[in-house]
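K.L.:
quick check, what structure comes out for this input:
(chains A and B)
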Amino acid sequence: MNSSQCTDKLDTFTLGPLEAGPACCDPQPAIQVRNLSLLYDGKAALDKVTLDIYQGCITALIGPSGCGKTSFLSAINRLTDLIPGCNVTGKILVHDQDIHHPDTHAQTLRRQVGMVFQKPTPFPLSIRRNLSLPLNEHGITQKTEVASITEHVLRDVGLWDEVHDRLDASALSLSGGQQQRLCIARALALKPQILLMDEPCSALDPLASGIVEDLICRLRGRYTIVIVTHNLAQARRIANYAAFFWVSGRAGQLIEFGRCQHIFESPSHELTAAYINGVRG
Amino acid sequence: MRETMPIHTWQVLRDRIVQFLIYASVLLISAVFIWILADLVRGGFAHLSWEFLTESPRDAGRAGGIASILVSTLLILLVAVLTAVPIAWTTAILLAEFVAVDSAFGKAVRFSLHVLAGVPSIVFGLFGNAFFSVYLGLGFSILSGGLTLACMLLPILASTAEAGLRTVPNAYRMSASALGLTRTAALVHLILPAAAPVLAAGLLLGIGRALAETAALLFTSGYVDRMPDSLLDSGRALALHIFDLSMNVPGGDMPAYASALVLVSLLLCINILAMKFAHGLQRRKIMT
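P.N.:
Below is the predicted model:
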């Protein structure tokens, strides 16, 4: 069995066989974060984080609320640019390219690095337009091409069978779980290499959450996924790597980073152990 | 087990009194509106006819109709709206989309808009007369009247538009950015369409306000009740016509009533439209 092989060989937690792409956990860094600090109005939210995120793997960011996980995520696609008073120092390389280099356009970067938010954020447009608007903006205007990408990504997220006969209905008429899958499809339509997910399941009911979780697992190998989650069981189920953040003083810090199994079963830091076992946090 | 406290009679009484007062004040306000409307209908409906709407006034408005007045009013409105809307809405976009809420610049602009909104219309009239009529040499004309009204409309349009843009959830901006959309694209494809009902409602409110304006036009667009040939002609607005008929023209009561009925009907229609738009915002789910 593919899945057991993957689990045995790579010594990590995986769920089911991979649908496509190379085996997970090929330790090639896709994102290299060096000494990243983040300040809101001069107050530190994240203090000197250094971390490699590996290509094709799912990396879970865990830790208590307010420890800078979401800030860390938004720094990777420079969404922090939109937040007034937010100041980022340090270096982030995405596929060996410095994202703060003057030659790197935020628009181009965000096309490579997709993001899915905690609350589903479909635009108040039709399902079809939700997908075609970003495509059009990135220069893909040919109708047949847009239609084929639309079908492809909707099939990818398992939404095609549910909505193919009402693509012109409002995206807001979908259920919460469907909306979130549409948002994932919208991010995938731009063919990103990296997908950032900020608690994508926390606003969904358990059933929808399970569907989205399965979807994330299916994306493993094809995309590099960084996922923030408060659900430790979920992190344990889906992630290859886990990064544990903790608030020390005022600022969030990276306490421990490693293979998911290692973090959950034999953490090296006592804070991690306490958090995992529910003693603190 | 602890006994629950019984409700005192005075508490019940207080509830009743508060309820009565609320109903009474609503009734009072409605009564005032209905009284005005009934008075206008009683005094002016008999005088209202197709000819009244299609003929120009004769004998200082005692005879004839209000056709030229309606045309002048429309032209003044058109000048005012076409001038004010682009300036006001771009200001609103700047304030809502590009400037932080608590920035000094945003605060200063917002403050000046508030002050502008509170300035009495007669002051706008004097300013318009001094600046447009005299300094720019436009004289008593529809153009200077319209431009003066535009100044009055600016704060109304800008404030409503800014409020409308702020009702658009920030999540749209964030996810648009996360998808690599430029700010302009997000504005054109998402934010402005989402705010459109509020923009439209604000526009209609502004038109209503401009339609009813008298004092600002007194010294700018003038008194002449002939059919205007161009924007540089003087033209009498409807509200001004009513003012003139009732104050300066003996025997002008009937046409004044009829004109007022036309004006109030127009305002009523515009307000109903504005309400429909604002209501549509809450109900609308589909925007394709």
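K.L.:
can you list the low-confidence ranges for the chain?
P.N.:
Picked chain A for this. A:1-26, A:279-281 (pLDDT under 70).
K.L.:
my bad, chain B
P.N.:
For chain B (pLDDT under 70), the answer is B:1-3, B:280-288.
K.L.:
mind giving me the domain ranges of it?
P.N.:
Listed by automatic domain parsing, the domain ranges of chain B are B:9-47, B:51-283.
K.L.:
and A:S248, which of those domains is closest to it?
P.N.:
Minimum separation from A:S248 across those (Cβ to Cβ) falls at domain B:51-283, 28.3 Å. All C-beta spots, glycine's among them, are computed from the backbone N, C-alpha and C.
K.L.:
near chain A, anything from the closest one?
P.N.:
Yes. Applying Cβ under 8 Å from any Cβ of the partner chain, one finds domain B:51-283 touching chain A at B:100, B:171-182, B:185, B:189-190, B:193-194.
K.L.:
which bits of the stretch 51-200 of chain A sit near chain B?
P.N.:
Proximity of the stretch 51-200 of chain A to chain B is confined to A:77, A:79, A:82, A:84, A:106-111, A:114-115, A:117, A:119, A:121, A:123-126, A:129, A:133-134, A:137-138, A:168-170, A:172-173, A:183, A:186-187, A:190 under the rule Cβ under 8 Å from any Cβ.
K.L.:
change it to 7 Å
P.N.:
For the stretch 51-200 of chain A, the contact set with chain B under Cβ under 7 Å from any Cβ of the partner chain comprises A:77, A:79, A:82, A:84, A:107, A:110-111, A:115, A:117, A:119, A:121, A:123-126, A:129, A:133-134, A:137-138, A:168, A:170, A:172-173, A:186, A:190.
K.L.:
I'd like to know which of the residues you listed are buried.
P.N.:
Buried residues within those, defined by neighbour count using 16 or more other Cβ atoms under 10 Å in any protein chain shown: A:77, A:79, A:107, A:110-111, A:115, A:117, A:119, A:121, A:123-126, A:129, A:133-134, A:137-138, A:170, A:172, A:186, A:190.
K.L.:
returning to that earlier point: and the domains of chain B, which is most packed in?
P.N.:
Per-residue neighbour counts averaged over each of the domains of chain B give the maximum for domain B:51-283, namely a mean of 19 (mean count of other Cβ atoms under 10 Å in any protein chain shown).
K.L.:
return the distance of it from the chain's centre.
P.N.:
6 Å (Cα atoms, centre = their mean, to the nearest Å).
K.L.:
one more: stretch A:185-199?
P.N.:
With Cα atoms, centre = their mean as the basis, the distance from the averaged C-alpha position of stretch A:185-199 to the chain average is 7 Å.
K.L.:
let's see which of the residues of the stretch 51-200 of chain A next to chain B end up in helices.
P.N.:
In this view, those that belong to helices under DSSP state H are A:107, A:110-111, A:129, A:133-134, A:137, A:186.
K.L.:
tabulate those (JSON lines), appending distance to B:S112.
P.N.:
Compiled in JSON lines, these are given as follows (distance: Cβ to Cβ, whole Å):
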{"residue": "A:Q107", "distance to B:S112": "35"}
{"residue": "A:R110", "distance to B:S112": "36"}
{"residue": "A:R111", "distance to B:S112": "40"}
{"residue": "A:R129", "distance to B:S112": "39"}
{"residue": "A:L133", "distance to B:S112": "36"}
{"residue": "A:P134", "distance to B:S112": "38"}
{"residue": "A:E137", "distance to B:S112": "36"}
{"residue": "A:R186", "distance to B:S112": "41"}
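K.L.:
tell me the one among those nearest to B:R42.
P.N.:
For these, the closest approach to B:R42 (Cβ to Cβ) belongs to A:R129, at 53.5 Å.
K.L.:
quick check: the closest one vs B:F131, distance?
P.N.:
Distance, A:R129 to B:F131, using Cβ to Cβ, to the nearest Å: 46 Å.
K.L.:
next one: B:L53
P.N.:
Here B:L53 is placed at a distance of 34 Å from B:F131 (Cβ to Cβ).
K.L.:
tell me who's in contact with the spatially closest residue to B:H189 that is not a sequence neighbour.
P.N.:
The shortest distance from B:H189 to any non-neighbouring residue, by Cβ to Cβ, 6 or more residues apart in numbering or on different chains, is to A:L133 (5.8 Å). Contacts for A:L133 were tallied using Cβ atoms under 7 Å, 6 or more residues apart in numbering or on different chains; they are A:123, A:125, B:189.
K.L.:
let me have those residues in a markdown table, adding distance to A:L159 as columns.
P.N.:
Supplementary listing: the contacts of A:L133 in a markdown table, determined by distance: Cβ to Cβ, whole Å:
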| residue | distance to A:L159 |
| --- | --- |
| A:F123 | 16 |
| A:L125 | 16 |
| B:H189 | 22 |
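K.L.:
from these, pick the one nearest A:G177.
P.N.:
A:F123 (17.6 Å).
K.L.:
pretty sure that closest one contacts A:N130?
P.N.:
Yes. A contact is recorded between A:F123 and A:N130 when judged using Cβ atoms under 7 Å, the distance being 5.4 Å.
K.L.:
residues shared between the contacts of those two?
P.N.:
Contacts common to A:F123 and A:N130, judged by Cβ under 7 Å, 6+ apart, are A:A171.
K.L.:
closest residue of the stretch 151-281 of chain A to chain B?
P.N.:
With Cβ to the nearest Cβ as the measure, the residue in the stretch 151-281 of chain A that lies nearest chain B is A:S170; the distance is 4.0 Å.
K.L.:
ok, residues contacting stretch B:124-134?
P.N.:
Here stretch B:124-134 makes contact (Cβ under 7 Å, 6+ apart) with B:138-140, B:144, B:147-148, B:151-152, B:215-220.
K.L.:
for those, which two are the farthest from each other?
P.N.:
By the measure Cβ to Cβ, B:G139 and B:M152 form the most distant pair in these, at 19.7 Å.
K.L.:
hey, where'd the strands end up in the stretch 1-150 of chain A?
P.N.:
For the stretch 1-150 of chain A, strands defined by DSSP state E, counting those that start in this stretch occupy the ranges A:29-40, A:43-54, A:58-62, A:86-94, A:97-98, A:113-116.
K.L.:
flag every buried residue along stretch A:132-152.
P.N.:
Judged by neighbour count (16+ other Cβ under 10 Å), stretch A:132-152 contains these buried residues: A:132-135, A:137-138, A:146, A:149-150.
K.L.:
dump those residues to CSV, plus distance to A:L254.
P.N.:
Supplementary listing: the buried residues of stretch A:132-152 in CSV, determined by distance: Cβ to Cβ, whole Å:
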residue, distance to A:L254
A:S132, 39
A:L133, 36
A:P134, 32
A:L135, 36
A:E137, 35
A:H138, 33
A:V146, 40
A:I149, 36
A:T150, 39
